[in-house]
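**Student:** Structural data only, the sequence is not supplied:
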């Protein structure tokens, strides 16, 4: 009787160990699947936020470029207007600037 009871206990322990192995394998698969899903979600979120940041930077760059072009156009128009108002003075100033730059390069 004692031997039968020991065999039954051994079988029960063996079944319990196998059940624990199965449960551990299921738990490992579940954790692995959840981690894969989390990584995928995180990657998608990072990609989306990166694209949003890139669009924002692009818009700000385009706006800065537009403002710089406008300022350059206004400056060029102002210079043209001043040259038209006083052409002789403009020629003298350009001549003197050329002489000054030439002297600087001679040294």
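**Tutor:** That came through, no problem. Please read all numbers here as calculations on a predicted model, not as lab measurements.
**Student:** now the strands for the protein?
**Tutor:** Per DSSP state E, the chain carries no strands over any range.
**Student:** Where is the longest helix in it?
**Tutor:** When the chain is parsed with DSSP state H, its longest helix is helix 2-85.
**Student:** Show me how far that helix is from its chain's centre.
**Tutor:** Using C-alpha atoms, centre = their mean, to the nearest Å, the mean C-alpha position of helix 2-85 is found 12 Å from that of the whole chain.
**Student:** tell me the mean pLDDT over that helix?
**Tutor:** Averaging pLDDT along helix 2-85 gives 89.
**Student:** That helix packs against which elements?
**Tutor:** In terms of contacts (3 or more C-beta pairs under 8 Å, 6 or more residues apart in numbering; DSSP states H and E), helix 2-85 is packed against no helix or strand at all. Using the backbone N, CA and C atoms, a C-beta is placed for each residue, glycine as well.
**Student:** gap between residue 29 and residue 57?
**Tutor:** Distance from residue 29 to residue 57, counting by C-beta to C-beta, to the nearest Å: 42 Å.
**Student:** Next: residue 15.
**Tutor:** 62 Å.
**Student:** can you check residue 71 too?
**Tutor:** Where residue 57 is concerned, residue 71 sits at a distance of 21 Å (C-beta to C-beta).
**Student:** repeat for residue 74
**Tutor:** 26 Å.
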